[in-house]
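Q: The sequence and its predicted three-dimensional model are supplied below.
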Amino acid sequence: MRLLSYPMRAVLLWCLAVALPGCIDPYMPDVIDSTKSYLVVDGIINSQGVTTIVLSRTYDIAAKTAPPVETGATLYVEDEAAARYTLRESTTKGTYTSASLTLSPAKKYRLHIRTIGGKEYASDYVAVKNTPPIDNIGWQAATSGLNIYVNSHDDANDTHYYRWSYEETWEIRPLLVPSVEYLNRKMQDIRVPYPQSCWITEKSANIILGNTTSLGRDVVSDQLLRSFSTTSDRLYTKYTILVRQYAQTKEEYEYWSLLKKNTENIGTLFDPLPAQLTGNIHCLNDDTELALGYVGASSVQEKRIFISRGQLPPAWRLLTGYESCVPPDTVKLSNVDNTFSNPVVIPVTPTFSPMGSLQGYTRSSVECVDCRKRGTAVRPSFWQ
């Protein structure tokens, strides 16, 4: 399932105030109350690598589908001297990528967008921020669970404002491994076994920010990124997290702070009402047309760590994610045809009497035996 972009989530969550009791007047921003669909821009200009921008549209908060993507647009990054770097739409519709760029820290850059409908947008020119390296990604197993932290510093004392995102991948292994299959109205040894390992990857869905403005040095110490309970199924076999670090300007940091406030602090009578997000993207040929998002420019630093089950406290009772699948039901021989003619019912193993005679077969569902229903059986290139 595709996660909503941060700007899109902010727009949609503006509507949560309608869930407040009837004695409270609901807050309904114009952008939500309108039937118009506005452009949402998600991404940054990567000064030392590939720039990826995702374009989508605002849509009805009650819709049960994914947000509509903006396809067929023309995008480029440009500096104040009009040097341009083109982005092309990838196979993922609405996602636009550049070649690997090396941009000058002495220049300012902006993103230019022309939609297939003829609207032109541009972000404000912004200076390039140099992101310091990640010192390390640490973790600690506490009585309450696992906490993952990031540490960094800037000897030049020039960063101060930080943002982090991550991608996490974990291995899953079904508890049931079929040894037989039902084919052409008869049971036989399975010809092509189901994969015994799959991998699930998810991107961070929360906003993680930090600043060092109140400190004597530009040092990030043990910034919390991720927490797990002592039963989390993501830790059952092996888990990895790829952390990305971004330096921000004060203005960009303030935008993301407001976005975080809008998306995470709404829900009770004591929370502040959502604030209007202005961003730094403007429509060049229609002053009345809104656009949502903030496009900054910085290098990106990455670091990955792995955590194996053997590194965690043995007392932790980690879940597999397949608890509802065991024990499997048993099908008697007299019911084999009626049961396994349904393709969603999968035979697992034969069952035998104490004397060794065949009695029937255990059964389960595709979701319980085929881990490809939850992830991919293709081993990630980075997996260790």
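A: Arrived safely.
Q: check which helix or strand covers Trp256.
A: helix 250-264 (DSSP states H and E).
Q: Mind listing what's buried along that helix?
A: For helix 250-264, the neighbour count (16 or more other C-beta atoms under 10 Å) marks 252-253, 255-263 as buried. Yep, even glycine has a C-beta here, placed from its N, CA and C like the rest.
Q: how about those in CSV, adding pLDDT and distance to Arg244?
A: Below are those laid out as CSV (pLDDT from 0 to 100; distance: C-beta to C-beta, whole Å):
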residue, pLDDT, distance to Arg244
Glu252, 98, 15
Tyr253, 98, 16
Tyr255, 96, 18
Trp256, 97, 14
Ser257, 96, 18
Leu258, 94, 21
Leu259, 93, 17
Lys260, 94, 17
Lys261, 91, 22
Asn262, 87, 22
Thr263, 83, 19
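Q: Sheet-wise, list the partners of the following helix or strand past the helix holding Trp256 with their directions.
A: Scanning forward in sequence from helix 250-264 by DSSP H and E, the next helix or strand is strand 281-283. Applying DSSP bridges to the sheet, strand 281-283 is found paired with strand 120-123 (antiparallel).
Q: Could you export the partner strand as CSV, CA atoms only?
A: Provided in CSV are the C-alpha atoms of strand 120-123 (Å, rounded to 0.1, in the frame of the first residue of the first chain):
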residue,chain,number,x,y,z
GLU,A,120,3.6,26.3,-14.2
TYR,A,121,5.0,26.1,-10.7
ALA,A,122,8.4,27.0,-9.2
SER,A,123,9.8,26.7,-5.7
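Q: tell me which strands and helices the helix or strand just after it is in contact with?
A: As assigned by DSSP H and E, the chain's next helix or strand after strand 120-123 is strand 126-127. The contact analysis (3 or more C-beta pairs under 8 Å, 6 or more residues apart in numbering; DSSP states H and E) places strand 126-127 against strand 108-114.
Q: Assign a three-state SS to Ser334, would you?
A: helix (DSSP: H, G, I helix; E, B strand; the rest coil).
Q: Ok, the one 3 residues further on next?
A: When classified by three-state DSSP, Asp337 comes out as helix.
Q: list the contacts for it?
A: Under the criterion of C-beta atoms under 8 Å, 6 or more residues apart in numbering, the neighbours of Asp337 are Arg185.
Q: From Ala156, how far out is it?
A: According to C-beta to C-beta, to the nearest Å, Asp337 stands 74 Å off from Ala156.
Q: Give the buried residues for stretch 210-230.
A: Neighbour counts using 16+ other C-beta under 10 Å place 210-212, 218, 220, 223, 225-226, 228, 230 of stretch 210-230 among the buried residues.
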